[in-house]
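**Q** okay, predicted coordinates and the sequence, questions at the end:
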Amino acid sequence: MQKNKVITPNLDLRYLNDSSNFPVLLLGAGASKDIGMPICKDIFSREYITKLGTGLENSKTFRQYELSEIGFEELLSKKLEDNELEEFSVLLGYYEQLFLDSESWAGGAGLGESSENFFERFKYYIGIVTILDHWKKSGQNPVVISFNHDVFLECASDWRDFNYGSATNRMYSIENFIPQMPDFGDMYTLIKLHGSFNKICCDNCHAIMVSTDYNWGLRMKCMSCNEGNLSGLYIPPTKNKNYASLNDTWADACYFIERASSLWVMGYSMPSYDLSAKELLKKLPNETPLFVVDKYASDISKNYEYLNLGYKGYYSIGLRDYIYEIMKNGMSSDPFTKF
């Protein structure tokens, strides 16, 4: 096979039915953008914030940074590196409030949005779940590795038939939440490298409280040791990230990448500064085919040149169009009929 190939508009679907054990799907921020999860450049965009209807465009923090030429990710990183911890906390609080106000984190409709409009945007995530189900039924064990905090994929799975990898073993259901614990199963494994909005962690015993709801605001004692303080288990979008609380999650990701039968990258451009992600993908076996789905795949293909793989396929197509195309050509049933 050609080592590097740009595939457009005809899609190569042979690996959709790969009979090997671990097809891995890697999701970046671009996978959730159309549903409502902002990418960093949106955080201080007046057009985006106003559209959400949260009122945050009137906040002191927004007014202070709206015209800043530095991106939100760089801004957070600089405050942390310069030890401006108070301002770092203010920015982080703004980031959290954005999701509390808009409810866009949860896979639910944003403020003022009809459920019909939301489901129209949300269809392709259900398409992803259908592909995972197809892989499972063909005797494979699909794995999703995500850099995102949101719970869109869990919502699309109706909070069942997936697990969070080895970290599942130290998870506790949060009391007084209905529904509480996700109905874990084995259709696919979901590894969330930057944490998740539905988890909080104990600083004493490192137990994880998890539910099908948003838990940043909870202040309670740990359900495991009854001593430690709890905080949100997510890594904010800074360039230099501390992964200490997610060591087992990253170990899971290494395990599956080393055994991947194919790797499908969606919504992730592999930025040059993301050294942790680069080191993770270096663990791919040379014979593992890589597929990058991105509207600008031809432009970002250079970001993957460091990987010495036998086959790299770059799909120059938008993620949503790509999923619809696979559903049309690779599946016999339409997963969207219920809508």
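**A** Arrived safely, thanks for sending. Numbering: from 1, shown residues only.

**Q** right, and L75 touches V90 too?
**A** No - when contacts are counted by C-beta atoms under 8 Å, L75 is not listed as touching V90 (11.1 Å). In short, each C-beta sits where N, CA and C put it, glycine included.

**Q** more crowded one of those two?
**A** A count of neighbours by other C-beta atoms under 10 Å puts L75 above the other of L75 and V90, at 20 against 15.

**Q** which residues touch that one?
**A** Counting by C-beta atoms under 8 Å, 6 or more residues apart in numbering, L75 touches Y65, S68, L91.

**Q** do you know the pLDDT at the closest residue to the first one other than its chain neighbours?
**A** On the basis of C-beta to C-beta, 6 or more residues apart in numbering, the spatially nearest residue to Y65 that is not a chain neighbour turns out to be F44, at 5.1 Å. At F44 the predicted local confidence, pLDDT, stands at 84.

**Q** the bottom helix or strand of this protein by mean pLDDT?
**A** Lowest by mean pLDDT, DSSP states H and E among the helices and strands of the chain is strand 4-7, with a mean of 36.

**Q** now the element after that one, going C-ward?
**A** Along the chain past strand 4-7, the next helix or strand (assigned with DSSP states H and E) turns out to be strand 22-27.

**Q** so where's this structure uncertain?
**A** Across the chain, the ranges flagged by pLDDT under 70 are 1-20, 34-36, 52, 99-122, 173-181, 213-220, 326-339.

**Q** quick one, helices of it?
**A** In the chain, the helices defined using DSSP state H lie at 46-52, 60-65, 72-81, 85-102, 115-137, 152-156, 247-258, 275-281, 297-300, 319-330.

**Q** which other helices and strands contact the first one?
**A** In other words, helix 46-52. Applying 3 or more C-beta pairs under 8 Å, 6 or more residues apart in numbering; DSSP states H and E, one finds that helix 46-52 makes contact with helix 85-102.

**Q** domains of the chain?
**A** The record assigns the chain these domain ranges, following automatic domain parsing: 4-36+115-173+184-198+241-330, 40-106.

**Q** apart from its chain neighbours, what residue comes closest to D42?
**A** Distances taken as C-beta to C-beta, 6+ apart place Y48 nearest to D42, at 4.3 Å, with adjacent residues excluded.

**Q** report how many residues lie close to that neighbour.
**A** Counted with other C-beta under 10 Å, the neighbours of Y48 add up to 16.

**Q** for it, give its distance to L75.
**A** Separation of Y48 from L75 (C-beta to C-beta, to the nearest Å): 16 Å.
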